[in-house]
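Visitor: With the sequence up front, the predicted model follows.
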Amino acid sequence: MTTSYAHILKPLHLGFTTIKNRVVMGSMHTGLEDRFYHYPKLAAYFGERAKGGVGLIITGGISPNRQGWLLPAGGTMNTLGDIAPHRLVTHAVHKHGAKILMQILHSGRYGYQPFVVSASPIKSPISMFKPRQMSDRLILETIQDYAETASLAKKAGYDGVEIMGSEGYLLNQFLSRHVNQRTDRWGGPIENRMRFAVEIVKAIRSKVGEKFIICFRLSMLDLVHDGNTMDEVITVAQALEKAGITLLNTGIGWHEARIPTIVTSVPRAAFVDYTAEVKKHVSVPVIASNRINMPDTAEEILAAGKADMVQMARPLLADAFWVSKTATNRVDEINTCIACNQACLDHSFQNKRASCLVNPRAAHETELVYLKTKKPKKVAVVGGGVAGMSAATIAASRGHQVTLFEASTEVGGQFNLAKVVPGKEEFHETIRYFKVQIEKTGVDLRLNTKVNREQLEREGFDDVVIATGVIPRGLKIDGSDSPQVLSYAEVLRGAPVGYRVAVIGAGGIGFDVSEFLLKPEHQPQPQPLAEWQREWGIDPNPNYMTEGGFVPAEVEPPIRQIYLMQRKTTPLGIGLGKTSGWVHRAQLKKHAVKMLRGVQYKAVTNEGLWIESNGHDQLLRVDTIVVCAGQESVKDLMPKEGESTLANYHIIGGAKLAGELDAKRAIREGAEIAAKL
Ligand code: NAP
Ligand code: SF4
């Protein structure tokens, strides 16, 4: 082996088949699985990842019957007629030497549809539908449905199936006392609670024969009350092995758990020691998951013998060529998943097609295409934030001659502010990725260069992309020009801030700034794992005896007293990401941040900030006021409508629209314009 990632690249022999390396693209619902006419797109999406070198792919969840649907009429495989579109997918993957499993997912009480069933009739906090308790007969029928689905998957060309038994879906509901309160042979002690899962494995094995992969995804740590202990998890793992599984995949936390398991503030590989504990007790290969996003982390896990394979779903959305870049020592070219969830899981939960914030091509491979140009153009991109870098590097990779002008000393724009927020260290990786791309694609980067229109016209550019971004919106009340009033940009760049602070504006940045101000300036970044586990109350013992893996949380006292406020009367943070907003709200609550809504800002005086709240004037005695009141576009370079110019002008990102400034749109608009030039 000539690279330093020998463990990642080592084939895994399963006896009847071989997986070419240790990287598994984990299951992620893209929204393309549910309709047959989307399968050409799904095949292109998986085909690109297979071409990028991944060893094993697991599809998004496909239901074995209609009670198992996640959404009405979700992807199902229970008739011969269902298999034709899947053949496009298996063919696209096999063409590049990768293997693919179809995930069989029965959502149980997580289904967002009226047919939902579960172990016991207990409603989940994340679906409005109360489940019907499964009868003995329905359980037996469902076991047969799983076996039939697996056999159809085999006919569709899959190398195996994954049975989804974690994250709180149906089989996890049976495995744990959290939902399973039955007293029949499917409930009670763990030997009964696991019967359903074990019988499914046996039924599938007897139907599909020996030469077909059966992977079971088992919850290592439920993180819900009355969840399993590690002893119980091991008992289930051993029984599944005996029943005939080929691979044991791992999951962490139910979807309803109120402990973060995948967001960016979760330390990398935070849960791998629980997987390592189970691995000691089984002989089938075990797959580690959750917050593994870069080759060094993956290699460390495998080299330490903590797992046999590593699973990454989001990192392979972010970069389809993660494995081939690793194999050819081009790790610095990996477009790293920053675990923001903004374009993947948040989309899935809103029933929108998943994509990726840092890679808008993900799941749009047939629509957003970066073809080599036949007519190279001279292109200027003004602004080195993520929108500008996205436009410049993609245009240059297509063969255009690109100059990127950046007024400041460094590229990165708003990401340079975000990267200093505790728990957002991954944002460094995006800046690193673009810097490497700028170099590799030959973009002529001109830092410290504030261009004007005359210069742009004089240099003879064919196209000019305005990506000049935003400036923070100021506060316009009496006293707002006093020195104790700072913008969020000044604070995140290190301006001194007092002990008592008022944060004006409770959007994503108001929350970020509050988190930044709660912690000491020189705290280690990223947060050490043990400290993070203490803060969230996760049992650090891999052989935990606590049900669900909880211990009481221990929160360090905050170093500042913070008021976070907004004018709207809605709850604060309601507009934050669906899968990450609750983490930010919980963090601020734990650190005693006072949240005020329906506030009017009156004046800043030497005493502090005067506000009106509930019809009364009130003085908040604060030392510093931080304004996080959104942004205004910077677009002076954009010609007015009808104005004649030599070049074609385009405007993208925050410069185009500050109101909904967000990196997802900025990077996508950069990519879209670059694809069209
Ligand atoms: P934002 O989400 O639009 O929030 C701006 C805040 O300022 C609101 O709370 C708004 O509430 C307040 N505001 C607006 N105009 C004001 C005025 N004239 N005076 C006083 N208050 C005013 O913008 P942001 O927080 O700057 O974030 C920008 C974007 O960055 C977001 O859209 C998001 O996509 C992204 N981002 C997301 C996250 C995350 O999800 N964790 C983190 C950082 C950034 P009222 O109008 O009710 O006062
Ligand atoms: Fe990762 Fe964010 Fe992309 Fe999802 S949207 S794959 S979390 S970078």
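Guide: Nice, I can see it. Ligands and ions are numbered 1, 2, ... in the order given.

Visitor: Next up, the contacts around Y433.
Guide: Taking CB atoms under 8 Å, 6 or more residues apart in numbering as the contact definition, Y433 lies against 333-336, 358. Using the backbone N, CA and C atoms, a C-beta is placed for each residue, glycine as well.

Visitor: Can you lay out those as a markdown table showing distance to ligand 2 and neighbour count?
Guide: Output for the contacts of Y433, formatted as a markdown table (distance: CB to the nearest ligand atom, whole Å; neighbours: other CB atoms under 10 Å):
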| residue | distance to ligand 2 | neighbour count |
| --- | --- | --- |
| E333 | 16 | 18 |
| I334 | 12 | 22 |
| N335 | 8 | 24 |
| T336 | 8 | 20 |
| V358 | 5 | 26 |
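
Visitor: those strands in the stretch 151-300 of the chain, which residues are they?
Guide: If you assign secondary structure with DSSP state E, counting those that start in this stretch, the strands in the stretch 151-300 of the chain sit at 160-165, 213-221, 247-252, 286-288.

Visitor: Convert stretch 7-22 to CSV, retaining C-alpha atoms only.
Guide: What follows is stretch 7-22 as a C-alpha-only set of coordinates in CSV (Å, rounded to 0.1, in the frame of the first residue of the first chain):
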residue,chain,number,x,y,z
HIS,A,7,-6.8,0.5,6.7
ILE,A,8,-9.5,2.5,4.8
LEU,A,9,-8.4,1.0,1.5
LYS,A,10,-8.1,-2.6,2.6
PRO,A,11,-10.7,-4.9,1.0
LEU,A,12,-13.1,-6.7,3.2
HIS,A,13,-13.6,-10.4,2.4
LEU,A,14,-17.0,-11.8,3.3
GLY,A,15,-16.4,-15.3,2.0
PHE,A,16,-18.8,-15.2,-0.9
THR,A,17,-18.0,-11.7,-1.9
THR,A,18,-15.5,-8.9,-1.3
ILE,A,19,-16.0,-5.2,-0.6
LYS,A,20,-13.1,-3.3,-2.2
ASN,A,21,-12.5,-1.0,0.8
ARG,A,22,-13.8,-0.1,4.2
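
Visitor: ok now it, how far from the chain's centre?
Guide: Distance of stretch 7-22 from the chain centroid (CA atoms, centre = their mean, to the nearest Å) equals 27 Å.

Visitor: cool, stretch 118-134 as well?
Guide: Averaged over its C-alpha atoms, stretch 118-134 has a centre that lies 27 Å from its chain's centre (CA atoms, centre = their mean).

Visitor: same question for it, mean pLDDT?
Guide: Over the span of stretch 118-134, the pLDDT mean works out to 95.

Visitor: ditto for stretch 71-86
Guide: Mean pLDDT, stretch 71-86: 93.

Visitor: And it, end to end?
Guide: Using CA to CA, to the nearest Å, the end-to-end distance of stretch 71-86 comes out at 20 Å.

Visitor: What residues sit buried inside it?
Guide: Under the neighbour-count criterion of 16 or more other CB atoms under 10 Å, stretch 71-86 has 74-78, 82-83, 85-86 buried.

Visitor: so who does P540 touch?
Guide: When contacts are counted by CB under 8 Å, 6+ apart, P540 is found next to 530, 533-534, 551.

Visitor: What is the nearest of the buried residues of stretch 71-86 to N293?
Guide: Of all these, N293 sits closest to G75, with 26.9 Å by CB to CB.

Visitor: what residues are up against the closest residue in space to that closest one that isn't next to it in sequence?
Guide: Closest residue to G75 apart from its sequence neighbours, by CB to CB, 6 or more residues apart in numbering: E33 at 4.1 Å. The contact partners of E33, by CB under 8 Å, 6+ apart, come to 42, 59-62, 74-75.

Visitor: do T468 as well
Guide: For T468, the contacting residues are 382-383, 634-637, 655, taking CB under 8 Å, 6+ apart as the criterion.

Visitor: Three-state assignment for it, please.
Guide: Recorded secondary structure, T468: coil (DSSP: H, G, I helix; E, B strand; the rest coil).

Visitor: quick one: pLDDT of it?
Guide: On the pLDDT scale, T468 is placed at 97.

Visitor: confidence score at G659?
Guide: pLDDT for G659: 75.

Visitor: pretty sure it belongs to a strand, no?
Guide: No. Checked against three-state DSSP, G659 lies outside a strand; its state is coil.

Visitor: What residues does the stretch 351-500 of the chain have near ligand 1?
Guide: R473 (CB under 6 Å from any ligand atom).

Visitor: where exactly do the helices run in the stretch 351-500 of the chain?
Guide: Assignment of helices within the stretch 351-500 of the chain using DSSP state H, counting those that start in this stretch yields the ranges 386-397, 415-418, 427-441, 453-458, 488-492.
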